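# everything below, folded, please.
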Amino acid sequence: MHECISNGLVINRDKKGLLCWQNIDCGTGHLRIRKDKAGYCGERCQCPAWTNQCSFYIGPTSRNSTLKNEKVKRILNSEEIKKRICSIEPNANCAKTKSIKEVDQIELYDGSKILVNNLNIIIDDLIEHEFMCIGKGPITGSAKYCEKHHCYEKGTKFCYYTRNEIAFFETRFGNIPIRAWGKTKIKIYDFIEKKEKSKCEMCEVKCTSEGIQITSENKLSGFEMCLNQKCEYTAFPEKIENKTLAKKTLVNDYVVLTSFFRKGEKIKEIELKCNHKDICKLIDCTFCWEYLKNPHCYPEMAMISLGIAIYFLTSTILMTFKIIKILFYIVRFLVRGKFRCIRWVGKIIIKYRNNINKREESKEKYEIIPPKIKNSKLPMKIIVTIIVFSLIKSVESLTTITAKEEKCTVNRQGERTCLFEDILELNLNPHEQTVKILLNDHMGKLAGTIDLEVHYTEMICTKVIKFYTRTWKIGSMSVKRCYSEGSCSENKCSQIKANEKIEELKDVNKFPGISQCVESDGGWFQGCFYTLPACTFYRFYAMPTEKEILEIFTCEKWEPVLRINETITDSSGNMTKCTYNLNPGMKMSDRNMEITVKDITMGVIPMLSSTFVSNKHKIAKIDTEMENILRKFKCKSMTEAKTFLNCSIDPTTCHCRPADNKINCDCKEIKSQNEIFLSENSLPFSHNGILIKNELGNIIASTELSSATFQLKLSGMRLKTEIELNKCLVTNISITGCYDCNEGANIELTCSTDFGKSLANIICPSTKILALCDTKGIGQKISTTIAHAEVEEKCEVFCGLHPTTFFLKGRLAAVEMNYINTWRVVGNEEAKIESSSSLSWLLHFDFFNLLYYLVNPTHLIIFIFTLLVLLFMFYCLLPLLLRLLLTSLIQSICPRSVEDRHVKII
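The predicted model follows:
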């Protein structure tokens, strides 16, 4: 009897030496030689402890299953077969910590265990040349033996096939007998994952005379530069990028925040403060309007430019009037000719009708008077309208709320407390994003301020989850079983289901995958006892490669959000700051103040139908092809994606075909997130001028605000106005920046008090500002708007009961309205876009500043001399040159020959 098979022959010898045999089926047990001789069936034989799939074959073929066999050793050590691991023992070239990996393993008959890439197993139940014989003499045997060999009817030697299955590990180099196979968990020191540098050592930002110079590395996806609360993204930058900023920005101190990105991940952030530049050094033209607006830079050049401008302006006006006059005469001639023609035709008709011979007597004289042209005032109205609209500019919105007398009380310490109750409705536009509210008591004393600043507006993506997934790799396992062995039965391959758990594939059944079966040849030559078709079972399955869960989603809609910074300052200089993110219709309450956004008008947001993928750290936009690949392995929920095993794999993930008792599969797999999060599709990036970025796993679109309306309600806000005898002193005063521009002027000062802490109200002839003051002196920079270049005025400081004064003196720059906007990027090249408004520039011109320099005798002489030179050139020299040129041209085109008959030439 051969042990460890479920169905086999049991051969007995009686006392007379005769052999008898019978077929025993042990069902779920195995044939065993029992000591108690109570039967032939017993418990199943056990596989090695590390697996539950093995072969109990002990025939001569197993002798080749050893690493001492050079062919076996060569096959198992090949790169195609052997599983690559870094090391089982600590190694400097491997990871520092151990990790547990589940890998495929086979065991040879000599006890050697080999890690392999894939399991392709063939199980044969018959080897033609391996049979066993008992006895001597003529041979007889089992039915299967006698089908292949000659048997005697009354033989004394019995031969049979054991039918003990033998397993082969199949490779394209040859098949190797193995004792056991399956998956096992081992602790290894894995390969060190080659990650790109998380730091950008070469990244730096420098201030230049024209703006900013940004140095980066070649492999960066891009960088984001934020200036004055506006951010723009530059994709795939050059190693050195020079950003030219507008002059109105350069004449003020400015702070640039630059963030560097690699495949959607922020790797470095640099904040740089740049000092203001001298407007005179920024003028890079010979004769231009900027000399006129900044005459202090080069007064002589400004006077020359003024002379040229006045000359050409007056010449243009005179020429225009002359052209209009000529056109008027032409029109008048045409009108008169028209009436004369009509009169002539009328005469002919009258003559024909009346047939009167006396034309002179019957001729009726008509005096044709052309219609008078009415002096229309429409052009003047148009000009006035344009001027009015051009005067509209960005100013800080200033509102004052005064408490009623009955709402204010004074205690024994001299502190006046006022109750403020009011409702304001405020409108914001792209050029007016700061609102300052002054809170005064009934005596006009400042009790506090409320500053509302709209940093920027955003559109937040409302997610609609499509599915979850993970990065995965595809493994496969195939096992060939002969007919009637294991799971192989009649019509089994045609009845198998995709998710069916097959016993022969139980080591990989737990992974999400697809089970299939194809019929293959049976019979002796294929190692099978029966000639009926054998079954090749196979399963391709997904295994996780990374821990991060991927979320595939679209943006169903974009929700507008208005981000408002609120600063409340009381009379003592104490400040309370809050930041609100408000949606339309949303209310926020704090300190008896309620803010409600009624309406937000935004630009059109693109990419409403785009699909995105996120791992909670990075977000990328994916196309339909990548979405279909990720859909090959999907999970219904985040919990399923975390466990991985309950997810599903698409049957079309792999295309498998049978070849020599095994299965070859071509599969779609995503082994690494680097295949998904590419530099060109990872956020942030600019799309149609709109910055799309990732903030804490949410997609934010930063766009320009068209308009917004919000309501501010004060209900029971109490502020104190201290009646103190202190006074405020303002020192260290300087002013820089530009006049009549959106960026405005910056006033730097230090405000100190005799005692205590106060809020000073500073009133100058051209502006009003607020400053915080204490005993140590608070240095601060205050932005304001001034409409002229030369600033020399006396300002009053109202603080406590003793007002003080100081002189504000300085010169502000005038920036050219035509400026180069380098924020726009077309393709990989920077597109310089100019914006201009000639009429607006002229209306914002500070003529008094220019006249101040024109009064100087030297400058006046230069101006007059320029006009005289131009008059001489265009009224004397130019006509003379034109006449000489015309004369020589006529002579060259029309030459004359003169013959003198009185001259005799010898």
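
# now do the helices in the stretch 301-450 of the chain.
Along the stretch 301-450 of the chain, counting by DSSP state H, counting those that start in this stretch, helices occupy 359-362, 378-391.

# ok, of those, where does mean pLDDT dip lowest?
Lowest mean pLDDT within these: helix 378-391, a mean of 35.

# for residue 466, what are its contacts?
552, 553, 554, 611, 627 (CB atoms under 8 Å, 6 or more residues apart in numbering). Where you see a C-beta, it was placed from the backbone N, CA and C, and this is true even at glycine.

# what about the first one, neighbour count?
Residue neighbour count, defined by other CB atoms under 10 Å, stands at 19 for residue 552.

# which strand or helix spans it?
strand 550-570 (DSSP states H and E).

# and the average pLDDT for that strand is what?
Here the average pLDDT along strand 550-570 is 84.

# show me what that strand is packed up against.
strand 446-469, strand 575-582, strand 593-602, strand 611-614, helix 624-630, strand 705-722 (3 or more CB pairs under 8 Å, 6 or more residues apart in numbering; DSSP states H and E).

# between all of the contacts of residue 466, which two are separated the most?
Taking CB to CB, the two most distant members of those are 553 and 627; they sit 10.8 Å apart.

# distance of the closest residue to residue 768 other than its chain neighbours relative to residue 769?
Nearest residue to residue 768 in three dimensions, chain neighbours excluded: residue 762, at 7.0 Å (CB to CB, 6 or more residues apart in numbering). Per CB to CB, to the nearest Å, residue 762 is found 5 Å from residue 769.

# out of the two, which sits in the busier spot?
Taking other CB under 10 Å, residue 762 and residue 769 do not tie; residue 762 has more neighbours (25 against 18).

# sheet-wise, list the partners of the strand or helix carrying that one with their directions.
Assigned by DSSP H and E, residue 762 belongs to strand 758-763. Strand 758-763 pairs in its sheet with strand 768-773 (antiparallel), strand 790-798 (antiparallel), by DSSP bridges.

# so what's the model's average confidence on stretch 495-503?
pLDDT averaged over stretch 495-503 gives 87.

# CA atoms only for that stretch - export them in CSV, please.
Only the C-alpha atoms of stretch 495-503 are listed here, as CSV (Å, rounded to 0.1, in the frame of the first residue of the first chain):
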residue,chain,number,x,y,z
GLN,A,495,-18.9,26.2,-14.8
ILE,A,496,-16.3,28.1,-12.9
LYS,A,497,-17.1,31.6,-11.6
ALA,A,498,-14.8,34.6,-11.6
ASN,A,499,-14.9,34.9,-7.7
GLU,A,500,-14.9,31.2,-7.0
LYS,A,501,-12.5,30.0,-4.4
ILE,A,502,-10.6,27.1,-5.8
GLU,A,503,-8.9,24.7,-3.4
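
# contacts for it, please.
Residues outside stretch 495-503 that contact it (CB under 8 Å, 6+ apart): 486, 487, 509, 514, 515, 516, 517, 537, 539, 651.

# pLDDT weak spots in the stretch 651-800 of the chain?
Along the stretch 651-800 of the chain, the parts satisfying pLDDT under 70 run over 660, 688-689, 704-706, 716, 718-725.

# now with 90, please.
Across the stretch 651-800 of the chain, the ranges flagged by pLDDT under 90 are 656-666, 671-675, 678-728, 736-746, 753-763, 766-776, 780-790, 798-800.

# and residue 877, how many neighbours does it have?
Other residues within reach of residue 877 by the criterion other CB under 10 Å amount to 12.

# kindly report the same for residue 199.
The burial count for residue 199: 10, using other CB under 10 Å.

# same question, residue 20
The number of residues near residue 20, taken as other CB under 10 Å, comes to 10.

# quick revisit: restricting to C-alpha, output the strand holding residue 552 in CSV.
Written as CSV, here are the backbone C-alpha positions of strand 550-570 (Å, rounded to 0.1, in the frame of the first residue of the first chain):
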residue,chain,number,x,y,z
LEU,A,550,-6.4,57.2,-3.4
GLU,A,551,-9.6,59.1,-3.8
ILE,A,552,-11.1,59.6,-7.3
PHE,A,553,-13.5,62.5,-7.4
THR,A,554,-15.0,65.3,-9.5
CYS,A,555,-16.1,68.8,-8.6
GLU,A,556,-19.9,68.9,-8.8
LYS,A,557,-19.9,72.6,-8.1
TRP,A,558,-17.6,75.4,-6.9
GLU,A,559,-18.6,77.2,-3.8
PRO,A,560,-17.5,80.9,-3.6
VAL,A,561,-15.8,81.9,-0.3
LEU,A,562,-14.9,85.4,0.8
ARG,A,563,-11.9,85.5,3.2
ILE,A,564,-12.1,88.5,5.4
ASN,A,565,-9.6,89.6,8.0
GLU,A,566,-11.2,91.6,10.8
THR,A,567,-9.2,93.8,13.2
ILE,A,568,-10.9,95.6,16.1
THR,A,569,-8.7,98.2,17.8
ASP,A,570,-10.0,100.0,20.9
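
# next one: that strand to chain centre, how far?
The chain centroid and the centroid of strand 550-570 are separated by 16 Å, computed with CA atoms, centre = their mean, to the nearest Å.

# also stretch 620-629?
In this view, stretch 620-629 has its centroid 16 Å away from the chain centroid, taken as CA atoms, centre = their mean.

# list the buried residues in that stretch.
620, 621, 622, 626, 627, 629 (16 or more other CB atoms under 10 Å).

# packed most tightly, which of the strands paired with strand 758-763 would that be?
When you average the neighbours per residue for each of these (mean count of other CB atoms under 10 Å), strand 768-773 leads with a mean of 20.

# which residues touch that one?
398, 446, 449, 569, 573, 575, 728, 730, 747, 749, 751-753, 757-762, 778, 780, 782, 784, 797, 799.

# from those residues, which would you call buried?
Among the contacts of strand 768-773, those classed as buried by 16+ other CB under 10 Å are 446, 449, 569, 573, 728, 730, 747, 749, 751-753, 757-762, 778, 782, 784, 797, 799.

# still on that earlier bit, nearest to residue 738, of the buried residues of stretch 620-629?
residue 621 (39.9 Å).

# elements contacting the one helix or strand that closest one maps to?
Secondary-structure assignment from DSSP H and E places residue 621 in strand 619-622. For strand 619-622, the packing partners by 3+ CB pairs under 8 Å, 6+ apart come out as strand 611-614.

# I'd like the average pLDDT over the strand it packs on.
92.

# contact partners of it?
Contacts of strand 611-614 (CB under 8 Å, 6+ apart): 461, 466, 550-555, 619-624, 626-627, 630, 676-677, 694, 697, 699.

# what's the burial count for residue 493?
Considering only other CB under 10 Å, residue 493 is surrounded by 18 other residues.

# just give the closest residue to it, not the sequence neighbours.
With sequence-adjacent residues excluded and distances taken as CB to CB, 6+ apart, residue 493 is closest to residue 517, at 3.8 Å.

# beta-bridge partners for that neighbour, please?
For residue 517, the beta-bridge partners under DSSP bridges are residue 537.

# could you measure from it over to residue 492?
Separation of residue 517 from residue 492 (CB to CB) stands at 6 Å.

# what do the two both touch?
Joint contacts of residue 517 and residue 492 (CB under 8 Å, 6+ apart) are residue 535.

# neighbour-wise, which of the two wins?
residue 517 (22 against 18).

# ok, the more buried one touching residue 538?
Yes - judged on CB atoms under 8 Å, residue 517 makes contact with residue 538 at a distance of 7.3 Å.

# what residues does residue 641 make contact with?
Contacts of residue 641 by CB under 8 Å, 6+ apart are 468, 469, 470, 549, 550, 635, 647.

# name the nearest residue to residue 617, ignoring sequence neighbours.
residue 265 (6.7 Å).

# next one: residue 188
Using CB to CB, 6+ apart, the closest residue to residue 188 is residue 85 (5.0 Å).

# check for me that the one you found belongs to a helix.
No - under DSSP: H, G, I helix; E, B strand; the rest coil, residue 85 falls outside any helix and is assigned coil.

# show me where the stretch 401-550 of the chain has strands.
408-410, 415-428, 434-440, 446-469, 472-481, 513-520, 534-544, 550-570 (DSSP state E, counting those that start in this stretch).
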